[in-house]
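Trainee: pasting a predicted model and its sequence here:
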Amino acid sequence: MMLVVVAITGATLYLAEKNLQAKHQEALNAQFQDQVRFFLALQDAQLGATTEKCRAVARSVRMRAALEEEDVDDLYRNALTELKEIFSPTTAAQNDTHVLRASFFRFFGDNGRVLPPGEHAAGLTDQEALDQTLAPMGKVFRQMEDQATGYIALARGSQPTALRLIVLTKIVDWDNKPLGALVLGFPIGNENKQTTAPSDEIKNGIWLNRQLYIDGLSASDRHLVVQHVNEEMLLEPAGHFFLKLENGPHLLFYKALDPETKFAPAYEVCLYPLANSLREQQILRWKIIAFGLGVLICGFGASLLISKNLSEPVKKIVAGSVENFTKRQRAEQDLRKANRELEKTLTELKTTQQQVIQQERLSAIGQMASGIAHDFNNALTPILGFTDLLIENPAVLQNKDETQRCLSMLRTAAQDATSVVHRLREFYRPLESNEEFPVIDLTKIVEQAVALTEPKWRHQAQASGVTIDVATRLENVPLVAGEESALREVLTNLIFNAVDAMPDGGLITLKTATENDEAILSVSDTGAGMTEAVRQRCLEPFFSTKGALGTGLGLSMVYGIIERHRGKLDIQSAPGQGTTFTIRMPLAALMSAAQLGAAPDVKAGQALNVLVVDDEPRVREVLSMYLACDGHRVTTANSGREGLQRFKTQRFDLVVTDRAMPEMSGDQMASFIKQANPNIPVVLLTGFGALIEVTGAQPRDVDVVLSKPISLNALRKTIENLLHAA
């Protein structure tokens, strides 16, 4: 019986200690997991708005343009403006615990190297080795899809303040080609420290690059912890182990903050002291031993009486241990199930995010296409209007001056439509800062714009029972330098907007004047006007108050054209008081001599034998008439193969060919012609001319690339240049 009591006492002591240790370990693990979840949730909450701001900056046209042009100074100067709120938040943002203030920012180039900020550095200017620390991250942004986070260590010892949370945002061009990346660094605060126990007992830190960043740890304890961590962790996602420090035994828990990160893995580390737990186990052990001795003393007299009853407590103890073990297994299963559900939810969230991004891209493309259609409709309105006038009203044809005026308007409108196509290059090529313009008459452009828009402000308005008058007050303004078609489009857009703003009729006034060496052009209407909020945003792309009838691109194009002409645009408006757009442009007398030069018309030269190859009959007819006007002899072919056969049987001085044709392309035909006679000039006239100019992918066997449509003067000039070169 004594042996049974001793065995029961020993078993009870063992199971009780194990049970207490398991419960204590479970409690610490739960506390640690809550702490990690709180830290990650707080980090996500703080970085939520910041990551969206980083994406917005990465999509900024100015940022992309600066990276493409490798203008580091402009890149960092614009970034400081875009990220001003992150480095210098408002008072309300500073009082918000969910707002982080960045420590620094840098840009990577497309080669993965850090671009030094120069005089535009923000935060951590004393860290000379910061760029060297960020250098290994240059290989990461090419492998990630959009955005990634991680941690880096600064050269400030082994305290947590030496760590920085990094947000890396990829920057791509219009073709989704990587241009570089934006990296923002944020300090890691103390929000993740445990508040349920004194800070000098429970210690929290981060493990990064085989280095422990933790407060309140002696050098010997730190060395011991680092040694054990290197031996025990082995890059496992999570776990714990026992170690003994100077102030007693501790239990160390660790967990990866982001197991899928492409940066150096970082782990949340927590040291829990076990002195109290060991004291509790020792007290329990003595209590059980004392209880066992009492049982032994009493058992001598009552061993036979209680022998049967002793089996029941043992069974309950065993059952309790089994129950605890079962509960632990069930909790582990629930935890694994929750992890699987969380991974599934995260995958669905990423998929949804990609779908939203794709929808936004498609929406932007659709809006841009709608804006292009809007500009084409503006250019086609006078073309169709004057064409119908000439066809349906034969009396106009009898008046030579009126016919000449209508034909001039038709050519002007067609040139404006051509200019819309050429300006599409601005969506994928940055504007040149030194762009030169010819000298133009601003008064003439105003008169042309009024005449071109007359079908809308007069005829369409009168058809709707509305009367709109247009008044011009034009002074003698000196010449300015600019592009006629672009400035006509500016006035056309402003007049059309004025018409839309006056559904019940009104007056549109166009004025020109000179003030302080500047040409002043104003367009006023008596329409509904704009509120201050609308006036502040009316120049933003895709912003419109017309609902489905507007594209939001008209005024943004107006602003871009005025900026390109080195001018200024001012808007004055109030509800019920109409709107006035005032344009200020420098006079031509203040422009450089190169800007004042206007290209003269090229006259016809010597007669040539010309081969014209194009699969479009109307294009062949127009080119043939162009060349015949200058006395050239023209032979046509409707495909590259037919053109090559004509070239083999006849002698030609010049070949003009399309690029995309059935059976044989213009590039292939040019290659065969150059093999037969390298001295024959080949002109490639194609609708892809602008794209070839931007990409620099001119075919090797083509002498000149021209864009469709082409004017007679441009064709003459090209032929003249080829003859001089020959």
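Mentor: Good, I have the coordinates.
Trainee: need the strands for the stretch 1-150 of the chain, in chain order.
Mentor: Listed in chain order, the strands found in the stretch 1-150 of the chain under DSSP state E, counting those that start in this stretch are 104-108, 114-115, 147-153.
Trainee: give the next helix or strand downstream of the longest one.
Mentor: Right, strand 147-153. Towards the C-terminus, the helix or strand next in line after strand 147-153, according to DSSP states H and E, is strand 163-172.
Trainee: could you identify the helix or strand that succeeds the helix or strand bottoming out on mean pLDDT in the chain?
Mentor: When each helix and strand of the chain is scored by mean pLDDT, DSSP states H and E, helix 593-596 comes last, with a mean of 42. With elements assigned by DSSP H and E, the helix or strand that comes after helix 593-596 is strand 609-613.
Trainee: what sits up against the helix or strand following that following strand?
Mentor: Moving toward the C-terminus from strand 609-613, the next helix or strand (DSSP H and E) is helix 617-629. Around helix 617-629, the neighbours that count as contacts under C-beta atoms under 8 Å, 6 or more residues apart in numbering are 604, 610, 612, 614, 634, 636, 638, 656, 658, 685, 708, 712, 715. (C-beta placed from N, C-alpha, C; glycine too.)
Trainee: strand partners (parallel or antiparallel) of the helix or strand following helix 617-629?
Mentor: Scanning forward in sequence from helix 617-629 by DSSP H and E, the next helix or strand is strand 633-637. Within its sheet, and counting by DSSP bridges, strand 633-637 is paired with strand 609-613 (parallel).
Trainee: now tell me what touches the partner strand from outside.
Mentor: The contact list for strand 609-613, computed with C-beta under 8 Å, 6+ apart, reads 620, 623-624, 627, 632-640, 642-643, 646-647, 650-658, 661, 666, 669.
Trainee: among those, the buried ones, what's the ChimeraX command?
Mentor: Selecting only the buried entries of the contacts of strand 609-613 in ChimeraX, with 16 or more other C-beta atoms under 10 Å as the criterion:
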select :620,623,624,627,632,634,635,636,637,638,639,640,642,643,646,647,652,653,654,655,656,657,658,661,666,669
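Trainee: the nearest residue to residue 83 once chain neighbours are set aside bridge partners, please.
Mentor: Using C-beta to C-beta, 6 or more residues apart in numbering and skipping the chain neighbours, the partner closest in space to residue 83 is residue 105 (6.2 Å). For residue 105, the beta-bridge assignment (DSSP bridges) gives partners residue 184.
Trainee: so how far is the first residue of stretch 390-404 from its last?
Mentor: The stretch stretch 390-404 measures 11 Å between its terminal residues, going by C-alpha to C-alpha, to the nearest Å.
Trainee: again with stretch 440-459
Mentor: Criterion C-alpha to C-alpha; first-to-last residue distance in stretch 440-459 is 29 Å.
Trainee: check stretch 444-461 too.
Mentor: The distance separating the two terminal residues of stretch 444-461, taken as C-alpha to C-alpha, comes to 25 Å.
Trainee: check stretch 472-479 too.
Mentor: With C-alpha to C-alpha applied, stretch 472-479 spans 18 Å between its terminal residues.
Trainee: what mean pLDDT does that stretch get?
Mentor: Along stretch 472-479, the predicted confidence averages to a pLDDT of 83.
Trainee: again, but for stretch 718-726
Mentor: With pLDDT averaged residue by residue, stretch 718-726 scores 82.
Trainee: and what of stretch 485-505?
Mentor: Across stretch 485-505, pLDDT averages out at 88.
Trainee: one more: stretch 385-392?
Mentor: 73.
Trainee: and it, how far out from the chain's middle?
Mentor: Per C-alpha atoms, centre = their mean, to the nearest Å, the displacement of stretch 385-392 from the mean C-alpha position of its chain is 47 Å.
Trainee: contacts for that stretch?
Mentor: Residues from elsewhere that reach stretch 385-392 (C-beta under 8 Å, 6+ apart): 396, 397, 403, 406, 409, 410, 413, 455, 459.
Trainee: now, among those, which is nearest to residue 84?
Mentor: When the contacts of stretch 385-392 are compared for distance to residue 84, the smallest value, 44.9 Å, is given by residue 413; criterion: C-beta to C-beta.
Trainee: distance of that closest one relative to residue 611?
Mentor: Residue 413 sits at a distance of 32 Å from residue 611 (criterion: C-beta to C-beta, to the nearest Å).
Trainee: again with residue 669
Mentor: Taken as C-beta to C-beta, the spacing of residue 669 relative to residue 611 amounts to 10 Å.
Trainee: between these two, what contacts are shared?
Mentor: Jointly contacting residue 669 and residue 611 under the rule C-beta under 8 Å, 6+ apart are 643, 657.
Trainee: which of the residues in whichever helix or strand residue 670 is part of are buried?
Mentor: Assigning secondary structure by DSSP H and E places residue 670 in helix 666-676. Under the neighbour-count criterion of 16+ other C-beta under 10 Å, helix 666-676 has 666, 667, 668, 669, 670, 671, 672, 673, 674 buried.
Trainee: kindly indicate whether the residue nearest to the second one when sequence neighbours are not counted is helix, strand or coil.
Mentor: When you say that, I think you mean residue 667. By the measure of C-beta to C-beta, 6+ apart, the closest residue to residue 667 outside its immediate chain neighbours is residue 699, 4.5 Å from it. Per DSSP: H, G, I helix; E, B strand; the rest coil, the local secondary structure of residue 699 is coil.
Trainee: give me the neighbour count for residue 699.
Mentor: By other C-beta atoms under 10 Å, the residues close to residue 699 number 17.
Trainee: same deal with the one 10 residues further on?
Mentor: Summarising burial for residue 709: neighbours were counted as other C-beta under 10 Å, giving 15.
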